[in-house]
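Chemist: Here is my input; please provide its structure:
(4 chains)
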There are 2 protein chains.
Amino acid sequence: MGATKTEHFTDRQNAIATLAKALGHPARVAILEYLMKVDSCICGDIVNELPLAQPTVSQHLKELKNAGLIRGSIEGNAICYCIDEKALDKLQSYFAKISTKLEKKKSNCC
Amino acid sequence: MGATKTEHFTDRQNAIATLAKALGHPARVAILEYLMKVDSCICGDIVNELPLAQPTVSQHLKELKNAGLIRGSIEGNAICYCIDEKALDKLQSYFAKISTKLEKKKSNCC
DNA sequence: CAATTATATTGCAATATTACGATAAAGATT
DNA sequence: AATCTTTATCGTAATATTGCAATATAATTG
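Modeler: The predicted structure is shown next:
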């Protein structure tokens, strides 16, 4: 055991979980926010912004990329990372939908 | 190593990461959606809805509760779980803010 | 082409998560 | 009170994550 039983859940549930999991670490939230802050996707220097060693940051970037939250394009010998809006829109619309549904119900319980 | 260095990040970043992490497993997304679907917070039978053993579900519920996404109240010998709207509003407004910011920028890169 | 710069990968240790059987706890039912 | 129902906890195995030093890779500069 120890491995998530993804096959038992819907694609949609797995997709949301994958995105959420990618943001389930403060370093990755910080990376996202840094990419938001700088106007264009400044290449590099994400490492300098974070209180973590370069290999660790590289790994977090990889996870964000695997989840589809950021893209990286080679720019000389540096790499230019930027946010993938589609993934964030997915999260945004998911939670927006939930919030409006909750609004309607105004929980008749607890 | 292996432990997240939360102390190096802002409270806000940690808070978002905690909520996101809690939804970083499809079973917990499924639980949330089930609680949305049933009108009132039906007590019990979450176990029957999920393809996981009872102790596993109990553990997932605990994590959702610890993250503040759900609340549980004792109702006889059963327990009535329901969504905590505040936590979901936090996520909703976070991603809404990000989406509008991204909209404005229309990424001048990559 | 040697040295530098920027990022990725490897390998590994520490810790966390996932899953479940067995069992406990606590109220409900008979 | 004995049993049933419902949920939690314990113990444990399998796997995943986090973090970093060392090293590799690849483009850039001198």
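
Chemist: Can you spell out which helices and strands pack onto the lengthiest helix in chain A?
Modeler: What stands out as the longest helix in chain A, according to DSSP state H, is helix A:85-105. Where contact means 3 or more Cβ pairs under 8 Å, 6 or more residues apart in numbering or on different chains; DSSP states H and E, helix A:85-105 is packed against helix A:11-22, helix B:26-37, helix B:85-105. For the C-beta atoms, the positions are set from N, CA and C on the backbone; glycine is no exception.

Chemist: Quick one: those as JSON lines, columns for mean pLDDT too.
Modeler: Compiled in JSON lines, those are given as follows (pLDDT from 0 to 100):
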{"stretch": "helix A:11-22", "mean pLDDT": "98"}
{"stretch": "helix B:26-37", "mean pLDDT": "95"}
{"stretch": "helix B:85-105", "mean pLDDT": "93"}
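
Chemist: okay, these in CSV with distance to DNA strand C next?
Modeler: Output for the helices and strands packed on helix A:85-105, formatted as CSV (distance: least, Cβ to the nearest atom of the strand, whole Å):
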stretch, distance to DNA strand C
helix A:11-22, 7
helix B:26-37, 5
helix B:85-105, 17
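
Chemist: want to throw those into JSON lines with distance to A:Ala78 and mean neighbour count?
Modeler: Formatted as JSON lines, the helices and strands packed on helix A:85-105 follow (distance: least, Cβ to Cβ, whole Å; neighbours: other Cβ atoms under 10 Å in any protein chain shown):
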{"stretch": "helix A:11-22", "distance to A:Ala78": "23", "mean neighbour count": "20"}
{"stretch": "helix B:26-37", "distance to A:Ala78": "36", "mean neighbour count": "20"}
{"stretch": "helix B:85-105", "distance to A:Ala78": "21", "mean neighbour count": "16"}
